[in-house]
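In: kindly return the folded structure for what I paste below:
(2 chains)
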Amino acid sequence: MSVANLQTFPSTWKKPPQMIKSRRWRIILMIGAVCYLTLALGSVEINWTRVIDGIERGQRFIQGFLEPDFTTRWRDIRSGLIESLTMTFTSTVVGVLISVPIGIGAARNLAPPWLYLICRSIIAASRALQEIIVAIFFVALFGFGAFAGFLTLSFATIGFIGKLLAEDIEDIDESQAEAIRATGASWRQLINYGIQPQVMPRLIGLSLYRLDINFRESAVIGIVGAGGIGAALSTSLSRYEYDSAGAILLIIIAIVMTAEYLSGHLRRLVK
Amino acid sequence: MSSQDTTTTVPVWQHRMPKTRLALWFFWLLIVATFVYCWNLMTAQTMWVFVYDAPTAAADLMSRAWPPRFSYMERLWKPLWDTINIATLGTLIGIMMAVPLAFLAAANTTPSRLLLRPLALFCIVTSRSINSLIWAMLLVSILGPGILAGILAIALRSVGFIGKLLYEAIEETDISQVEAITATGASKGQILNYGIVPQVLPAFFGISVFRWDINIRESAILGLVGAGGIGARLQASLNMLAWPQVTLIVLVILATVVVSEWVSARVRHAII
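Out: Just a heads-up that it's a prediction; the model follows:
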């Protein structure tokens, strides 16, 4: 190339790569992604005749959703709703009550190492198991119905609130706890006056948020027999009664939206 | 109650004002009362015989379910592969639907505040308020059992999650960069491409990987309602009361969840 060519200023600009700087890695990742996609898409078997049948069913579902039928299955829906709502409230209360001591035990700045390990493993176990799987086991142990669902949701609440509460306690302003300690306070007084005022707003917020989550989950665990509105939904869908299913879904969406709105409002109030 | 012998009473410090204490007391009373009421309603139909019987049932179940039947593993690789595909393909389709929705829903990029923004927000909220298992039930009943229903269920649930977090990220972008691009005389598309996209790209990848991790968890159980993957084997084993197989499947699901969480934590750490 001639010297003159080198001296000309560049007239075009190309956006530099942002995420992966090295060119070699970009190529490797691209090839990997393409290979994976061909393999994955190749292993997806689609029964096209069934899908085409489904289009007609889909239309019926949308129709059922637009003209929901609340009356035919109202008794199932009503008892399912009552179970779901009561299950949500009781399991949140019990779950929060149990998770407070576990959360305190899982905070590194309050608990001795052996207690810390025990509480952290309880939290890890509760978080790693999905609600549905826990519900299957509780139904096998305690029989069908809302009680198994209540236990499932309480168990799931422990992991959620326990972890977030423990992290919150670890993040507190140490100087306040130090001041309480300096007065010669007992351990109980330290918790009550040094820690509790700092984490209480967030604990209330988390509990409200969990109430919201527990309702959503209560609509699901009924599928495996743990009570609640999910059972009614599952039956009506397997009978292809899309208008009843549409009604149940509308009720669920309405309650979830109200709960989200209310709990968001309350959480802002507490802060 | 004032006692006569203490002539000089020093006011004792108390944590709260009397009024606040009374209000708190009522608040707790309300919670207890609601709890008792709900508890009675909920347990009205509980068969307490089964509950009292639970310890023996638990011991019985343990003796049946342990040890896990490891030889069943060879029939689990294919469903496991399907599960990972459901999660990954579902996340990809979800991203494809969520990105345009997020740009329509963000207040600073939406083309029409009155019409498109509420519509996009409504789509996001609907997708979020229905659990992926319910989406799967619905799609299985419409499309028939299989992986396709699972992929679409995961995709439809992911739209709301990714859409919500992404549009919040778009709304939080730095306006000065956008102004700088606008000042060069850039078109609308160029403003998006050079002003906003570079700012939200790290958040976008973080959100996507996070959702992929959640999707792995959820796709593992979608098979319970017939949407393919390892959950289908779980359902089959449960129906046959083959508890050693159930234990193995639960262990495999746990391992997958832990690995995917680790991968997603590593990737997010590298990005952010």
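In: near chain B, which residues of the stretch 101-250 of chain A?
Out: Residues of the stretch 101-250 of chain A lying near chain B by C-beta under 8 Å from any C-beta of the partner chain: A:128-130, A:132-133, A:136-137, A:140-143, A:145-147, A:150, A:193, A:216-217, A:219-220, A:223-224, A:230, A:233-234, A:237-238, A:240, A:245, A:249. To be clear about C-beta, it is placed using only N, CA and C from the backbone, and glycine gets the same treatment.
In: residue A:146: neighbouring residues, count only.
Out: Using other C-beta atoms under 10 Å in any protein chain shown, residue A:146 has 28 neighbouring residues.
In: got it, and residue A:82?
Out: By the criterion of other C-beta under 10 Å, residue A:82 has 18 neighbours.
In: before we move on, the earlier item: now intersect the residues of the stretch 101-250 of chain A next to chain B with the helices, please.
Out: The helices, defined by DSSP state H, take in A:128, A:132-133, A:136-137, A:140-142, A:146-147, A:150, A:216-217, A:219-220, A:230, A:233-234, A:237-238, A:245, A:249 from these.
In: give the buried subset of those residues as a ChimeraX selection command.
Out: Buried subset of those, written as a ChimeraX selection, criterion 16 or more other C-beta atoms under 10 Å in any protein chain shown:
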select /A:128,132,133,136,137,140,141,142,146,147,150,216,217,219,220,230,233,234,237,245,249
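In: let's verify residue B:13: helix, strand, or coil?
Out: coil (DSSP: H, G, I helix; E, B strand; the rest coil).
In: and the helices in the stretch 51-200 of chain B?
Out: Assigned by DSSP state H, counting those that start in this stretch, the stretch 51-200 of chain B shows helices spanning B:54-65, B:77-105, B:116-129, B:132-143, B:147-171, B:175-183, B:188-191, B:197-222.
In: tell me which residues of the longest one come out buried.
Out: Residues B:79-80, B:82-95, B:97-99, B:101-105 are the ones in helix B:77-105 that count as buried (16+ other C-beta under 10 Å).
In: the residue in chain A that chain B sits nearest to: what's its closest spatial neighbour, skipping adjacent residues?
Out: Per C-beta to the nearest C-beta, residue A:143 is where chain A lies closest to chain B, at 3.4 Å. Leaving aside its chain neighbours, residue A:143 sits nearest to residue B:50 (3.4 Å; criterion: C-beta to C-beta, 6 or more residues apart in numbering or on different chains).
In: could you measure from residue A:221 over to residue A:90?
Out: Distance, residue A:221 to residue A:90, by C-beta to C-beta, to the nearest Å: 14 Å.
In: picking up where we left off before, which of the buried residues of helix B:77-105 come close to chain A?
Out: Applying C-beta under 8 Å from any C-beta to the buried residues of helix B:77-105, one finds that B:82, B:85, B:88-89 fall near chain A.
In: residue contacts, the residue of chain A closest to chain B?
Out: B:46-47, B:50-51 (C-beta atoms under 8 Å, 6 or more residues apart in numbering or on different chains).
In: got the phi/psi numbers for it?
Out: phi 80, psi 170 (degrees, to the nearest 10).
In: ok, now residue A:20?
Out: The phi/psi pair for residue A:20 (degrees, to the nearest 10) reads phi -110, psi 110.
In: tell me if I'm right that it and residue A:29 touch.
Out: Yes - if you go by C-beta atoms under 8 Å, residue A:20 and residue A:29 touch, sitting 6.7 Å apart.
In: now do the helices in the stretch 51-200 of chain A.
Out: Along the stretch 51-200 of chain A, the segments classed as helices by DSSP H, counting those that start in this stretch run A:74-105, A:113-128, A:131-142, A:146-170, A:174-182, A:187-189, A:196-221.
In: hang on, the earlier thing: and which of the ones next to chain A among the buried residues of helix B:77-105 is nearest to residue A:266?
Out: residue B:88 (37.6 Å; C-beta to C-beta).
In: next up, the contacts around the closest one.
Out: Residue B:88 makes contact with A:36, A:40, B:212, B:215 under the criterion C-beta under 8 Å, 6+ apart.
In: out of those, who's the most crowded?
Out: Neighbour count (other C-beta under 10 Å) singles out residue B:215 as the most crowded of the contacts of residue B:88, with 28 neighbours.
In: what's near enough to touch the residue nearest to it when sequence neighbours are not counted?
Out: Leaving aside its sequence neighbours, residue B:215 sits nearest to residue B:87 (C-beta to C-beta, 6+ apart; 4.0 Å). Applying C-beta under 8 Å, 6+ apart to residue B:87 gives the contacts B:154, B:212, B:215-216, B:218-219, B:260.
In: residue contacts, residue B:147?
Out: A:44-45, B:82, B:85-86, B:227-229.
In: what's the lowest-pLDDT member of those residues?
Out: Among the contacts of residue B:147, residue A:45 carries the weakest pLDDT, at 75.
In: what's the spacing between the closest residue to chain A within the stretch 1-150 of chain B and residue A:176?
Out: Of all residues in the stretch 1-150 of chain B, the one sitting closest to chain A is residue B:50 (3.4 Å; C-beta to the nearest C-beta). Plainly put, residue B:50 is 48 Å away from residue A:176 if you go by C-beta to C-beta.
In: next: residue A:98.
Out: Distance from residue A:98 to residue A:176, by C-beta to C-beta: 26 Å.
In: who has more neighbours, those two?
Out: The neighbour count for residue A:98 versus residue A:176, taken as other C-beta under 10 Å, is higher for residue A:98 (17 against 14).
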